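Enquirer: Provide a 3D model corresponding to the input given below.
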Amino acid sequence: MGVTKRIDSVLIVDDQQIIRSIFIKSLQLLGNFEIAEASDGLEAFTLVKENHFDMVFCDLNMPVKDGLYLLQRLIEVQYTSPIVLFSGEDETLLNSAKVLATHYHLNILAIVPKPITSTMLKEFIEQASKLSTFPKAKAAVKLSHEQLEHHIKHGHVKAFFQPQYNLNTNQVCGFEALARIVDGDKIISPSEFINVAEDTRLILPLTKAVITDAFFYFSKLNEQYSTLNLSINLSGKILDDESMPQWIETAASAHLIANSSITCELTETAIPSNPSVMIVALLRLRMMKFKLSIDDFGTGFASLEQLHMLPFNELKIDRCFVSDIIRNTKSQALFRRSISLANDLELLAVAEGVEDYETKCLIQKLGCSIAQGFYFSKPMSAKEMIENINEVGLKFGNQQEETQIE
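Expert: Now for the predicted structure:
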């Protein structure tokens, strides 16, 4: 659980002595702070390694080692204190720097053009003092090939469901099945094993284990919820196996699940060794009446070329275009274009990574009708999710407000 804290120590990073002096005088008028200063990113990082700071103010454009250098170093050490970035550069560059920093989980409080006024400084200090701070997350320990193989053989691979919501009705309309390893009380996230699976032949048995568990619990939905959809993730690498489409159909049939209730999401984590085999497999899945989704659209292997070549039913808009959409006009533009593209191609658009009510309202206003994310519900075991839906109904999840967006 997070706790709020006082802002006592501040680091100011700017190559101009006069700017640093103005910062110091303004801070001294606001309170009794321990203030350190640095003239470039290298000097600043040296101070960060030797001292704790409750807050950092950093200019981006500096000679020798600039603010981007400092951000890189802070990413490497998983720095958690709030950071305010400022610069005389244009807004596009500032926003791009913020996207980089937030993507790698730096705590960017604000990013603003110069100059920073005393009023702004006071507001930033107040905002930082209200933030919940958490212990630094430990770096994920990757499973070895042998460990992953052990978990697969012993039935530890499970499906966790994250619900997808129809924003017009505020009701659950489907689920995405996500891979987890459950070893006693310990839940291991994909970041600790997916790369190992992709780099070995374990991705196939891993995927089959997730799908088997997902189909078993999806089939336990009450009859009244038979219209709900289940999305499963398929790496391009497993589609090298020509028997995979038939295996999925057989598994669905064994649980009396209609093929049309299943969406196969093509993930962009790995490009198959033989793309033509993957394309044939996807076409075969469509002929079997499974739906196809292009996952993480706009990143990596998820491209316009794929949309042109393959008969997708759905386009999933990557979270990187959603997480900062409230304040980043570039994210808004790209999101809007993605929705427009989906409409032109008659595809269903699904937004990933919705974490607050304001984002939910904005993407709905921009034309998106299906979304998922922590705002609605975190992933939970397939068993628990299906039990909740059967008991509570399609209103399950975080529904703070149900006012239709005009």
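
Enquirer: please tell me how far Gly180 sits from Leu143.
Expert: One thing to correct before we go on: residue 180 is Arg, not Gly. Note on Arg180: its distance to Leu143, by CB to CB, to the nearest Å, is 12 Å. For glycine as for every other residue, the C-beta is placed from the backbone atoms N, C-alpha and C.

Enquirer: what is in contact with these two at once?
Expert: Ile188 (CB atoms under 8 Å, 6 or more residues apart in numbering).

Enquirer: quick one: the helices in the stretch 151-300 of the chain, in order.
Expert: Applying DSSP state H, counting those that start in this stretch to the stretch 151-300 of the chain gives helices spanning 194-199, 203-218, 244-254, 275-287.

Enquirer: now the first one, how far from the chain's geometric center?
Expert: From the chain centre to the centre of helix 194-199 is a distance of 19 Å (CA atoms, centre = their mean, to the nearest Å).

Enquirer: counting by contacts, list what it packs against.
Expert: Secondary-structure packing of helix 194-199 (3 or more CB pairs under 8 Å, 6 or more residues apart in numbering; DSSP states H and E): helix 145-153.

Enquirer: need the residues that contact the helix it packs on.
Expert: 143, 157, 181, 183, 188, 193, 196-197, 200, 202, 205-206, 209.

Enquirer: how about it: buried residues?
Expert: Neighbour-count burial for helix 145-153, counted by 16 or more other CB atoms under 10 Å, picks out Gln147, Leu148, Glu149, His151, Ile152.

Enquirer: Serialize these to JSON lines and add fields for distance to Arg286 and pLDDT.
Expert: As requested, the buried residues of helix 145-153 are exported to JSON lines (distance: CB to CB, whole Å; pLDDT from 0 to 100):
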{"residue": "Gln147", "distance to Arg286": "36", "pLDDT": "96"}
{"residue": "Leu148", "distance to Arg286": "31", "pLDDT": "96"}
{"residue": "Glu149", "distance to Arg286": "33", "pLDDT": "96"}
{"residue": "His151", "distance to Arg286": "32", "pLDDT": "97"}
{"residue": "Ile152", "distance to Arg286": "29", "pLDDT": "97"}
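
Enquirer: which one of those residues sits closest to Ala101?
Expert: Leu148 (31.7 Å; CB to CB).

Enquirer: tell me what the closest residue to Gln306 other than its chain neighbours is bridged to.
Expert: Distance criterion CB to CB, 6 or more residues apart in numbering; nearest residue to Gln306, sequence neighbours excluded, is Ile294 at 5.8 Å. Ile294 has the following beta-bridge partners by DSSP bridges: Leu266, Leu315.

Enquirer: quick one: residues contacting Ile294.
Expert: Neighbour list for Ile294: Glu265, Leu266, Ala302, Gln306, Leu307, Leu310, Phe312, Glu314, Leu315, Lys316 [criterion: CB under 8 Å, 6+ apart].

Enquirer: next, give phi and psi for Leu345.
Expert: phi -90, psi 0 (degrees, to the nearest 10).

Enquirer: tell me, how many residues neighbour it?
Expert: By other CB atoms under 10 Å, 13 other residues sit near Leu345.

Enquirer: any idea how far Asn233 is from the closest residue to it other than its chain neighbours?
Expert: Counting by CB to CB, 6+ apart, Leu345 lies nearest to Leu307, which is 6.7 Å off, once chain neighbours are set aside. In this structure, Leu307 and Asn233 are 18 Å apart, going by CB to CB.

Enquirer: cheers, nothing more for now.
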